[in-house]
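Asks: attaching a predicted model along with its sequence, questions to come.
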Amino acid sequence: MGWLPLLKYTFENHAAVDETGNGNFASVQLPGPDRWVDAPTKGIATAVRYDDSRSRIVVANRPAFAGWPGFRIDIIFQPGEYKRRLNLVEGDGSFAFFVEVDGSLQGTIFDGKHWYGVSTAPGTIIPGNWYTGEFLYDPSSMLILRLNGVVMQVVVTHGDPVRAVGPNGIMIGYWPGGDDRYTFIGLIGPVEIDTLDPAATLLTVLGKLACNGTGRLEAFLPIVENEFTLAEQQQSEIFALTLLDAVKHLTASVVSTAPDQRATLIQLRQLAHQLTDMTIKDEEAGIDLFMDPAFPALISQAYQVIIGTSANAESVLLAEVLKLLAIQPLTTARVQEIISRHPELCLDGPGTSSNPPFGPGNPLGGIIEKICQLCCLNCGQGQTAGGPGAGGGSGIGGCTKGGASQPGNPCCGELHVHVHCEHK
């Protein structure tokens, strides 16, 4: 998941200077200069002491505080003795991150009518202790709350977009509603807000569409902008965003139905780390990730975690892959045409129909085979008119009428036929 820094304050110069370079400076309103506390604990240069109801840090509203595809808030704080809610960071009419009177850390968003979100257990936040809190919201998948790096709660979202921050802007340690009812008590250290970066994901996916191995993605964007037709650009963006959403939907499906959400998240995170390490190792060695002999075992392990955790996760997985195969943005011939003009794009050579991410001989091929069987059973037909070289067909092995797998029978060659058939 890619992130774009929006604002960051470390307060090192006794001011709220935005260290991201975005110019989102804040106004610090304190009753006196003695509220700056240098080196309050190891690793923190400066903190702000909140011991007056008038204390606040105000980030005036800006155009940049609207249209977020998602956000992540990080804050380090030490609460004092409290008998009411303590605000950490709140965006007017958009989101709130705070300590409730019962000692729970909570992150909430506003859906236009109600506030809902994630929370720790009561009594978690103890006066005098230092904490690092993280509140993450991705509208297409989850709300996540972390405390000191540990996942406290995960909630599958309603799909609500991030609402634009209202006219009172973003306030740190204060309530944007206009009075001091929720003013923080204690010390607040560094604060950072990031927004999701879908462009980074799009660029990565487009690179993978063109190359067997890891491509030099920094060179790919100008080609997309200058050589892709408008229709190809639009279809590539749809594919990339569909892929991103597919991962999120699948993860949400697995975690939301898991008996132990934290343990499941840990499993998925460990698998993600293994995949990242394998990708880096293969890139350094000049090996195609999909041809790495260790890759099938890792995929199989992930697949077993998914289907072993959730009763409907396999159905969700099949449905998401089906959607991806139905909207392939570029034909094999078009990819080869682009790569022939720009051989510098790929480390390991251009992608080919004999080695697509979901193709024959690939560890994901078994999943696609199940989709082919599902297609044929639903449609009552042996194959479609498509195939290798026919209108962008994938060349994936398919099935005969009744669902028996037959290599080389391109049941999934033109998946849009099956998608249409499924809704008859």
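Replies: Okay, I see it. Predicted model, so just to flag it, every value in this text is computed and none were measured. Numbers count the residues shown, from 1 in each chain.
Asks: neighbours of Thr279, how many?
Replies: Residues within reach of Thr279, counting by other Cβ atoms under 10 Å, total 15. Placement of C-beta: from N, CA and C, glycine included.
Asks: mind checking the SS state of it?
Replies: Secondary structure state of Thr279, per DSSP: H, G, I helix; E, B strand; the rest coil, is helix.
Asks: equivalent analysis for the one 3 residues further on, please.
Replies: On the three-state scheme (three-state DSSP), Asp282 is labelled helix.
Asks: quick one: Pro329 from Glu225, how far?
Replies: To Glu225, Pro329 is 15 Å away according to Cβ to Cβ, to the nearest Å.
Asks: and Gln153, by the same measure?
Replies: 41 Å.
Asks: same deal with Gly169?
Replies: In this view, Gly169 and Glu225 are 35 Å apart by Cβ to Cβ.
Asks: for Gly70, same thing?
Replies: Counting by Cβ to Cβ, the separation of Gly70 from Glu225 is 25 Å.
Asks: what do you get for Ser55?
Replies: Going from Ser55 to Glu225 by Cβ to Cβ gives 48 Å.
Asks: what's next to stretch 78-89, contact-wise?
Replies: Under the contact criterion Cβ atoms under 8 Å, 6 or more residues apart in numbering, stretch 78-89 has outside partners 40-41, 47, 50-51, 73, 75, 77, 96-101, 125-131, 133, 170-175, 181-189, 191, 193.
Asks: may I have the distance across stretch 33-45, first residue to last?
Replies: Across its full length, stretch 33-45 reaches 16 Å between end residues, using Cα to Cα, to the nearest Å.
Asks: actually stretch 143-152, not the one I wrote
Replies: 11 Å.
Asks: and for stretch 152-162?
Replies: Start to finish, the residues bounding stretch 152-162 are 22 Å apart (Cα to Cα).
Asks: now do the domain split for this protein, please.
Replies: Using automatic domain parsing, the domain parsing of the chain gives 3-196, 198-422.
Asks: where exactly do the strands run in the stretch 51-200 of the chain?
Replies: Along the stretch 51-200 of the chain, counting by DSSP state E, counting those that start in this stretch, strands occupy 56-59, 71-79, 86-91, 95-99, 105-110, 115-119, 131-137, 142-147, 150-156, 170-172, 186-196.
Asks: report all helices and strands that the fifth one contacts.
Replies: By that I understand strand 105-110. Helices and strands touching strand 105-110, by 3 or more Cβ pairs under 8 Å, 6 or more residues apart in numbering; DSSP states H and E, are strand 95-99, strand 115-119, strand 131-137, strand 142-147.
Asks: sheet partners, orientation included, of the last one?
Replies: For strand 142-147, the pairing partners within the sheet under DSSP bridges are strand 131-137 (antiparallel), strand 150-156 (antiparallel).
Asks: now tabulate those in TSV and tack on distance to Ser236 and mean pLDDT.
Replies: Formatted as TSV, these follow (distance: least, Cβ to Cβ, whole Å; pLDDT from 0 to 100):
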stretch	distance to Ser236	mean pLDDT
strand 131-137	27	96
strand 150-156	28	83
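Asks: comparing these, which comes out most buried?
Replies: Mean neighbour count (mean count of other Cβ atoms under 10 Å) peaks for strand 131-137 among the strands paired with strand 142-147, with a mean of 22.
Asks: angle of that strand against strand 86-91?
Replies: With axes from the mean of the first three to the mean of the last three Cα atoms, to 10 degrees defining the directions, strand 131-137 sits at 30 degrees from strand 86-91.
Asks: send the alpha carbons of stretch 226-233 over as CSV?
Replies: Extracted in CSV, the C-alpha atoms of stretch 226-233 (Å, rounded to 0.1, in the frame of the first residue of the first chain):
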residue,chain,number,x,y,z
ASN,A,226,2.6,9.4,-24.6
GLU,A,227,2.0,6.1,-26.4
PHE,A,228,-1.1,4.5,-24.9
THR,A,229,-4.4,5.4,-26.5
LEU,A,230,-6.9,7.0,-24.2
ALA,A,231,-8.9,3.8,-24.2
GLU,A,232,-5.8,1.8,-23.2
GLN,A,233,-5.0,4.3,-20.4
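Asks: pull the residues that contact it.
Replies: Here stretch 226-233 makes contact (Cβ under 8 Å, 6+ apart) with Val224, Glu225, Ser236, Pro329, Leu330, Arg334, Ile338.
Asks: let's see that with 7 Å instead.
Replies: If you take Cβ atoms under 7 Å, 6 or more residues apart in numbering as the criterion, stretch 226-233 is touched by Val224, Ser236, Pro329, Leu330, Ile338.
Asks: same question, stretch 142-161
Replies: Residues outside stretch 142-161 that contact it (Cβ under 7 Å, 6+ apart) are 105, 107, 109, 111, 117-120, 124, 131-137, 139-141, 252, 255-256, 261-262, 265.
Asks: how about a markdown table for the helices and strands packed on strand 105-110, with distance to Ile299 added?
Replies: Listed next are the helices and strands packed on strand 105-110 as a markdown table, based on distance: least, Cβ to Cβ, whole Å:
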| stretch | distance to Ile299 |
| --- | --- |
| strand 95-99 | 36 |
| strand 115-119 | 30 |
| strand 131-137 | 26 |
| strand 142-147 | 23 |
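Asks: ok, what's across the strand from Arg72?
Replies: In this structure, Arg72 bridges to Leu136, Asp194 when assessed by DSSP bridges.
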